[in-house]
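Student: Have a look; sequence and predicted model below, questions after that.
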Amino acid sequence: MFEGISEKLSHTLKKVRGYGKLSEQNIQDAIREVRLNLLEADVHFKVVRDFIESVKARALGQEVLQSLTPGQQFIKIVYEELVTLLGEHSSELDLRTTPPVIIMLVGLQGSGKTTSIAKLAKTLKEKLKRNPYLVPADVYRPAAIDQLKVLADQVGAGVYNTQPGGNPVEICKDALKAAQYGGYDVLLIDTAGRLHVDTELMEELKNIKAQINPHEILLVADAMTGQDAVNVSTSFNEALDISGTLLTKIDGDARGGAALSIKSVTGKPIKYFGTGEKLDALEVFHPERIASRILGMGDMLSFIEKAQAAFEEKQAQEIAKKILKKEFSIEDFREAMLAMGKLGPIESMADMIPGMKKIIKNPRAMEMAEKEIKKTIAIINSMTPKERLNHIILNGSRRRRIAKGSGTRVEDVNRMIKNYMQMRNMMKNMGKMGSLAKRLMRVV
């Protein structure tokens, strides 16, 4: 995710970080590179202009030039401006109303609405303990109706029995009554799409909105379309006053320009993003976490959430207590690695775990990643309980013994300890800082 822009920005900021002292000239050079990085990522030019102006105004002030660590201070500014660009705070669905809460999904044909509505239903049902009712309102594509009925069955949600050729407005009105009668507390409407924005489509959606009065209108936008996603978002927002965006196919978006542009252009938050084809591949869009991933700093909070979901409830409670008490040991690191097998594809974890991106770059990424995890577990298994709880005692002779016992090299043991220390330091800093931005900046 955001691989292209992440690589370029990380390379640019790595040079800045190495400067012992910053001058106006090398700050100007760095800002120019950041600008090019964003434009190459297909970020909207007006968004780039405003972003660069904000960074420039802060970077050329005393805040950076008189800092003891000017390189880190500059990176902190870029990070904070990225967070602002992406929306500052996460913005989930507002479910605080008399049920059923009506959520209408709109977007172009092929953007992933039907799959996204099933993912959203699964999230609402399993994580928020809601009882969703799905409405196939795309009467022009019988396949879409059948697909949503199948998906509803897979996620255990109710579904309205739409018949092809019906009136979308009447279908939605009848479905609302059915949801109320059936005791469902969330109504998810899958509307029709077109290959492009047209008057007929917008009129139909406006009519549904007028009759149903949805609490949320989410635009499902294909992140891989880049600038087109921004133009589409603008059109739908002007016509329907959307409440937010759900980005799809973000795992295949090498440039990331859509995600960096939509919030700024529409003024509406990105609420969710899809990370894969499976029905559980939907995440809340946290601007601060995404900014951290883009700058190559990882995303330990998302990793922890996934790891806790993979653990038994008791295990999750124990690891949470240890994180709060800053007692994250090598044994806990081992448990996290074991849990990775339950977290989904290794590629989806690459942006979250320090050192993992380099593994994914290899053509034999999956094989190498699996071997690396197995090697890490083997190394930790060769440690004594005392060593797992206190890494400080791991001197040279102990490391040689561990390497021999695990069938690895001392270099492998050293690398495992380094990766553990990176993760542990991030845990420690998260406990120290009051805000996530400050937490992340402490490890730059």
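Tutor: Looks like it came in fine.
Student: Now for the closest residue to residue 261 other than its chain neighbours, how many residues are close by?
Tutor: Excluding the flanking residues, the one nearest residue 261 by Cβ to Cβ, 6 or more residues apart in numbering is residue 44, at 4.1 Å. The C-beta positions use only the backbone N, C-alpha and C, and glycine is treated the same way. Residues near residue 44, counting by other Cβ atoms under 10 Å, number 24.
Student: and residue 44, what pLDDT?
Tutor: Here, the pLDDT recorded for residue 44 equals 85.
Student: The one 5 residues further on now?
Tutor: Predicted confidence (pLDDT) at residue 49: the value is 93.
Student: rewinding a little: now the residue nearest to residue 261: how far from residue 211?
Tutor: 34 Å (Cβ to Cβ, to the nearest Å).
Student: What of residue 424?
Tutor: Counting by Cβ to Cβ, the gap from residue 424 to residue 211 is 55 Å.
Student: Looking at those two, which is more packed in?
Tutor: residue 424 (20 against 14).
Student: How about the more buried one, nearest residue that isn't a chain neighbour?
Tutor: Per Cβ to Cβ, 6+ apart, closest to residue 424 is residue 328, 5.1 Å.
Student: what about that neighbour, distance to residue 387?
Tutor: Distance, residue 328 to residue 387, by Cβ to Cβ: 15 Å.
Student: ditto for residue 140
Tutor: With distances taken as Cβ to Cβ, residue 140 is found 64 Å from residue 387.
Student: Looking at the two, which has the bigger crowd around it?
Tutor: Shown here are residue 140 and residue 387; by other Cβ under 10 Å, residue 387 has more neighbours (20 against 14).
Student: isn't that one right up against residue 399?
Tutor: No - contact criterion Cβ atoms under 8 Å: residue 387 and residue 399 do not qualify, at 9.7 Å.
Student: got a list of what residue 403 touches?
Tutor: In this structure, residue 403 makes contact with 379, 382, 409-410, 412-413, judged by Cβ atoms under 8 Å, 6 or more residues apart in numbering.
Student: Residue 125 now?
Tutor: By Cβ under 8 Å, 6+ apart, the neighbours of residue 125 are 131-132, 155-157.
Student: so it, which of the three states?
Tutor: helix (DSSP: H, G, I helix; E, B strand; the rest coil).
Student: And the pLDDT at it?
Tutor: Predicted confidence (pLDDT) for residue 125: 94.
Student: same question, residue 383
Tutor: For residue 383, the predicted pLDDT is 95.
Student: quick revisit: confirm the residue nearest to residue 424 sits in a strand?
Tutor: No - applying three-state DSSP, one finds residue 328 to be coil, outside a strand.
Student: Could you measure from it over to residue 386?
Tutor: For residue 328 relative to residue 386 (Cβ to Cβ), the value is 17 Å.
Student: which one of those two has more residues nearby?
Tutor: Legend: neighbour count by other Cβ under 10 Å for residue 328 and residue 386, higher for residue 328 (21 against 8).
Student: That one is in contact with residue 425, isn't it?
Tutor: No - the pair residue 328 and residue 425 does not pass the contact test of Cβ under 8 Å, sitting 9.6 Å apart.
Student: Pairing partners for the helix or strand hosting residue 245, with directions?
Tutor: Secondary structure from DSSP states H and E places residue 245 in strand 244-248. Sheet pairing of strand 244-248 (DSSP bridges) gives strand 216-222 (parallel), strand 270-274 (parallel).
Student: next SSE after that strand?
Tutor: helix 257-266.
Student: Centre of the chain to that next one, how far?
Tutor: Remark: helix 257-266 is offset 15 Å from the chain centroid, using Cα atoms, centre = their mean, to the nearest Å.
Student: helices or strands up against that helix?
Tutor: helix 45-59, helix 70-86, strand 216-222, helix 227-240, strand 244-248, strand 270-274 (3 or more Cβ pairs under 8 Å, 6 or more residues apart in numbering; DSSP states H and E).
Student: Alpha carbons only: can I get the longest one in PDB?
Tutor: When you say that, I think you mean helix 70-86. C-alpha atoms of helix 70-86 as PDB (Å, rounded to 0.1, in the frame of the first residue of the first chain):
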ATOM      1  CA  PRO A  70      16.600  19.900  12.600                       C
ATOM      2  CA  GLY A  71      16.400  16.800  10.300                       C
ATOM      3  CA  GLN A  72      14.000  15.100  12.600                       C
ATOM      4  CA  GLN A  73      12.100  18.300  13.100                       C
ATOM      5  CA  PHE A  74      11.600  18.700   9.400                       C
ATOM      6  CA  ILE A  75      10.300  15.100   9.100                       C
ATOM      7  CA  LYS A  76       7.900  15.800  12.000                       C
ATOM      8  CA  ILE A  77       6.500  18.700  10.100                       C
ATOM      9  CA  VAL A  78       6.000  16.600   7.000                       C
ATOM     10  CA  TYR A  79       4.300  13.900   9.100                       C
ATOM     11  CA  GLU A  80       2.000  16.300  10.800                       C
ATOM     12  CA  GLU A  81       1.000  18.000   7.500                       C
ATOM     13  CA  LEU A  82       0.300  14.600   6.000                       C
ATOM     14  CA  VAL A  83      -2.000  13.700   8.900                       C
ATOM     15  CA  THR A  84      -3.800  17.000   8.300                       C
ATOM     16  CA  LEU A  85      -4.100  16.300   4.600                       C
ATOM     17  CA  LEU A  86      -5.600  12.900   5.300                       C
END
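Student: Measure how it sits relative to helix 45-59, angle-wise.
Tutor: Calculated by axes from the mean of the first three to the mean of the last three Cα atoms, to 10 degrees, helix 70-86 forms an angle of 140 degrees with helix 45-59.
Student: So for helix 70-86, what gets flagged as buried?
Tutor: Residues 70-83, 85-86 are the ones in helix 70-86 that count as buried (16 or more other Cβ atoms under 10 Å).
Student: Out of the residues you listed, flag the one nearest to residue 17.
Tutor: Using Cβ to Cβ, residue 71 is the member of the buried residues of helix 70-86 that lies nearest residue 17, at 4.2 Å.
Student: doesn't residue 23 make contact with that closest one?
Tutor: No - with contact defined as Cβ under 8 Å, residue 71 does not reach residue 23; the gap is 12.0 Å.
Student: So residue 337 sits against residue 373, correct?
Tutor: Yes - Residue 337 is within contact range of residue 373, at 5.3 Å (criterion: Cβ under 8 Å).
Student: between these two, who's got more neighbours?
Tutor: residue 337 (21 against 17).
Student: Kind regards, and thank you for your time.
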